[in-house]
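1. Give me a model of this one.
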Amino acid sequence: MVMRARRGRRNAFGAVCDTRVVAEDPIAPRGLLRSLTAPVGVLVAVVVAAAWVVTWATSDVMMSLMGVSMFPPGPADLVLFFALLVVMMVAMMLPSALPMILAFRGLTRLEAGHPVRPADDVGTALFVAPYFLVWGGFAVAALLGLVALGLADPMAAGMAPPIAFVPAITLVVAGGWQVTRTKEVCLSHCQSPMGFVMHHWRSGRPGAFRMGARHALYCIGCCWLFMLVLFVAGASSLLWMAGLSVVIFVEKVGVKPEVTSRTIGALLVGLGLLLGARVALGL
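-> Numbers count the residues shown, from 1 in each chain. I've put the predicted structure just below:
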């Protein structure tokens, strides 16, 4: 971490930390992934695999919860809905969040810039928890809103215009979002894990939870339209979910992030225009 600052103050790790710090983070997500230990790697692989299996096994339940006959859902249905969406978030987002988690876990070993203690696994868990809680809450609110408007129906492909154009419009808007300043800022916090942790460090386990919540909000700003694409254009199918998972991962750990992000945007716009043309032609 190369730091430049004015009137800075030192944090618990012996590094200058201030809101006016300009940081150049040479440790890319790919470098952090190379530091992944075998036990942590196995644990992450097991959790992600289990989340995909549960998502696949409960896909019919999710479709029924999205059905008109189940709307609005009762308290029990809403709890189940939230739990299934959190599992879906784990399956989709945990791989791309791994560099950030590794950065935080590594820094919990430091005192005055030196690794003098074991990593704080409890603190790391508290850092991760709000990530999926915030995303799960956003997904529930977004999906229930879309279902109420009739825009997330699994049978939407057979609807008449103008509703039939909604998936195409969603894809085009998601592609356009890729080149906005807000997207760029939010994505930068995901692509520079060490920079985020050093700038937003909060001491103690309550601080870990607050940091995780802050990072989760940046991730929403970065990827919220991907989620709408999944719900609207992909009808929450596992194939779309897998494809978007790969897109999110590549965007965060790619070799040339800006080029990757803009390429993804162009592909989304192209796919949206193609889908819109098919609807207009009645194909």
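2. neighbours around Leu133, how many?
-> By other CB atoms under 10 Å, 17 other residues sit near Leu133. In short, each C-beta sits where N, CA and C put it, glycine included.
3. For it, give me phi and psi.
-> For Leu133, the backbone dihedrals (degrees, to the nearest 10) come out as phi -70, psi -50.
4. who's in contact with it?
-> Each residue near Leu133 by CB atoms under 8 Å, 6 or more residues apart in numbering is listed here: 86, 216.
5. tell me the pLDDT at the spatially closest residue to Leu273 that is not a sequence neighbour?
-> In space, and not counting its chain neighbours, Leu273 is closest to Val172: 6.7 Å by CB to CB, 6 or more residues apart in numbering. Listed pLDDT for Val172 reads 94.
6. Export the host helix or strand of Val172 to CSV, keeping only CA atoms.
-> Per DSSP states H and E, Val172 falls inside helix 166-177. Provided in CSV are the C-alpha atoms of helix 166-177 (Å, rounded to 0.1, in the frame of the first residue of the first chain):
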residue,chain,number,x,y,z
VAL,A,166,-39.5,-4.7,-20.1
PRO,A,167,-36.8,-7.4,-20.1
ALA,A,168,-35.1,-5.8,-23.2
ILE,A,169,-35.3,-2.3,-21.6
THR,A,170,-33.8,-3.7,-18.3
LEU,A,171,-30.9,-5.1,-20.2
VAL,A,172,-30.2,-1.9,-22.1
VAL,A,173,-30.5,0.2,-18.9
ALA,A,174,-28.1,-2.2,-17.1
GLY,A,175,-25.6,-1.9,-19.9
GLY,A,176,-25.8,1.9,-19.8
TRP,A,177,-25.3,1.8,-16.0
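7. contact partners of that helix?
-> Contacts for helix 166-177 (CB under 8 Å, 6+ apart): 151, 156-157, 183, 225-226, 228-229, 232-233, 264-273, 275-276, 279.
8. let's go with 6 Å and repeat that
-> 151, 183, 225, 228-229, 232-233, 265, 268-269, 271-272, 275-276 (CB atoms under 6 Å, 6 or more residues apart in numbering).
9. For the stretch 151-283 of the chain, which segments count as strands?
-> For the stretch 151-283 of the chain, no strands are identified by DSSP state E, counting those that start in this stretch.
10. Tell me where the model's unsure across it.
-> Scanning the stretch 151-283 of the chain for pLDDT under 70 picks out the ranges 152-161, 235, 283.
11. Try it again at 90.
-> Applying pLDDT under 90 to the stretch 151-283 of the chain flags residues 151-168, 184-205, 219-223, 227-240, 249-261, 275-276, 278-283.
12. mind listing the helices for it?
-> 166-177, 181-191, 193-199, 204-232, 238-253, 257-281 (DSSP state H, counting those that start in this stretch).
13. Those: which one's closest to Gly145?
-> Nearest to Gly145, of all the helices of the stretch 151-283 of the chain, is helix 204-232, at 9.7 Å by CB to CB.
14. Return the set of buried residues in the closest one.
-> 205, 208-212, 214-232 (16 or more other CB atoms under 10 Å).
15. could I get the helices of the stretch 151-283 of the chain as CSV with distance to Val46?
-> As requested, those are arranged in CSV below (distance: least, CB to CB, whole Å):
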stretch, distance to Val46
helix 166-177, 31
helix 181-191, 24
helix 193-199, 22
helix 204-232, 21
helix 238-253, 17
helix 257-281, 28
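16. Show me the one of those that comes nearest Ala141.
-> Of the helices of the stretch 151-283 of the chain, nearest to Ala141 by CB to CB is helix 204-232, at 10.7 Å.
17. what's the angle from that closest one to helix 238-253?
-> Per axes from the mean of the first three to the mean of the last three CA atoms, to 10 degrees, the angle that helix 204-232 makes with helix 238-253 is 130 degrees.
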